[in-house]
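# Provided below are the primary sequence and the corresponding predicted coordinates.
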Amino acid sequence: MRVLVLGGYGVFGARLAELLLRDGHQVTIAGRNGVKAQALAATLGCQALAMDRARDLRLLAGHEVVVDAAGPFHAYGADPYALPRAAIAAGLHYLDLAD
């Protein structure tokens, strides 16, 4: 399965990415800091993506599942459902781990 882990270089997201890779999934670690995402991705042997959920959500394309592991204190801006709606529109499964 192609899984995008948003907040993938944080404590919880990194552990989740590691477990998904161990189980044979194709993982992309994503977050606002592309350098941090790339550093962890290089260590784990997966892909990285600089992505901010408040910006271009077309970057969700190409994945089957998006996991939002960015944490409970992130700002959603004016539209708290933009990311789930974009995931559904792209035909992805969406899981928010902050809830």
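The structure has been received and is ready for your questions.

# what bridges to Val5?
Counting by DSSP bridges, Val5 forms beta bridges with Ile29, Val67.

# all helices of the protein, in order?
11-22, 34-44, 82-89 (DSSP state H).

# do you know which of those helices lies nearest Glu64?
Smallest distance to Glu64 across those (C-beta to C-beta): 10.3 Å, for helix 82-89. C-beta coordinates here come from the backbone N, C-alpha and C atoms, glycine included.

# any idea how far the closest one is from the chain center?
On the basis of C-alpha atoms, centre = their mean, to the nearest Å, helix 82-89 sits 13 Å off its chain's mean C-alpha point.

# buried ones in it, by neighbour count?
83, 86-87 (16 or more other C-beta atoms under 10 Å).

# ok, so of these, who is nearest Arg58?
Ala86 (7.9 Å).

# so the closest residue to that closest one other than its chain neighbours versus Ala89, what's the distance?
Once flanking residues are discounted, Ala86 sits nearest to Leu57: 3.7 Å by C-beta to C-beta, 6 or more residues apart in numbering. Distance, Leu57 to Ala89, using C-beta to C-beta, to the nearest Å: 9 Å.

# common neighbours of the two, please.
Here Leu57 and Ala89 share no contacting residue, scored by C-beta atoms under 8 Å, 6 or more residues apart in numbering.

# can you report how many residues lie near Gly62?
Counted with other C-beta atoms under 10 Å, the neighbours of Gly62 add up to 14.

# equivalent analysis for Arg58, please.
Neighbour tally, Arg58, other C-beta under 10 Å: 10.

# list the contacts for it?
Counted by C-beta under 8 Å, 6+ apart, Arg58 has contacts Ala86.
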